[in-house]
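Novice: Build me a model:
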Amino acid sequence: MWRYIRIGLLLFILASVAQTAWLARKRSAEWKMTLRVAIYPIAADRSDATRQYIAALDKETFQPIEDFFAREASRYSIAMMPPVDVALAPPVASKPPPAPIGGSALQAIAWSLRFRSWAWWNDTWKGPPPHVRVFVTYHDPALTRRVPHSTGLAKGMLGAVNAFAASAQEGQNNVVIAHELMHTLGATDKYDPSTNQPRRPDGYGDPDAKPLHPQRRAEIMGGRIAISDTSAEMPASLKQVVVGDATAREIGWVK
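Specialist: From the prediction side, this is the model:
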């Protein structure tokens, strides 16, 4: 009996989350109101450096994300200003379920449901409900040289980001957060997952540049600055990133 009660409760939670997310997606696609985004920091390890870094986080850490959306939205004549408001939630004590690597579609769906349920139970935000929740797991770079892949879910408007707990990495951390935030709004990847090379033309920041390479900027869903047909580098900050026409169309900036 207890097992059926637990299943019923879980289904109720997921249904409530799905309805809320559907309404948020519908409203956000119209861009008639500021999109509220909450960042939830999580410590990936027991490192003092990680915990001290998280304790020092504040809203200003994520101001470049707001600035990026304001700058790019204005290029597409979006009147709502600011288009995005980023707030910092209290730290979350537990870690989200790890996303499957190279799994089946069924495994991805199962993980999505677990993540959405976990996010509901571990929501530390105490204010107006955010439209998008991004859980950022911070890793000590002295212990972890390469962080796991990050994910953004349009269904549920949730992001699971892995980042480095280092001030020197904040620019690139914000690029990853903005990328996954775009996923929650319906934007799709514009790079080759086998090589991480931006796809041409939609994944290029300046697809009409002559000469084409090296590119000066990254497209947010392309993820990297194309140096040549076979090499690309991570932008240092969102100042080197733009929203291309294809991505703008996917998130409702272009009709």
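Novice: quick one: low-confidence ranges for the protein?
Specialist: 1-29, 103 (pLDDT under 70).
Novice: so where do the helices sit in it?
Specialist: 2-30, 48-56, 63-75, 105-121, 170-184, 245-250 (DSSP state H).
Novice: Counting neighbours, what do you get for the nearest residue to E170 once chain neighbours are set aside?
Specialist: Nearest non-adjacent residue to E170, counting by C-beta to C-beta, 6 or more residues apart in numbering: T61, 6.3 Å away. Any C-beta I mention is one placed from the backbone N, CA and C, and that applies to glycine too. By the criterion of other C-beta atoms under 10 Å, T61 has 18 neighbours.
Novice: wait, T61 sits on A87?
Specialist: No. Counting by C-beta atoms under 8 Å, A87 is not a contact partner of T61; they are 11.5 Å apart.
Novice: Start and end of stretch 152-172, how far apart?
Specialist: Stretch 152-172 has an end-to-end distance of 17 Å (C-alpha to C-alpha, to the nearest Å).
Novice: can you give me the strands in the stretch 101-250 of the chain?
Specialist: Ranges of strands in the stretch 101-250 of the chain, per DSSP state E, counting those that start in this stretch, are 132-139, 151-153, 158-164, 191-192, 197-198, 218-219, 225-226, 232-233, 241-242.
Novice: Ok, which of the ones you listed comes nearest D123?
Specialist: Each of the strands of the stretch 101-250 of the chain has some distance to D123 by C-beta to C-beta; the shortest is strand 132-139, at 7.0 Å.
Novice: Report the buried residues of the closest one.
Specialist: Burial within strand 132-139, assessed by neighbour count using 16 or more other C-beta atoms under 10 Å, is assigned to 132-139.
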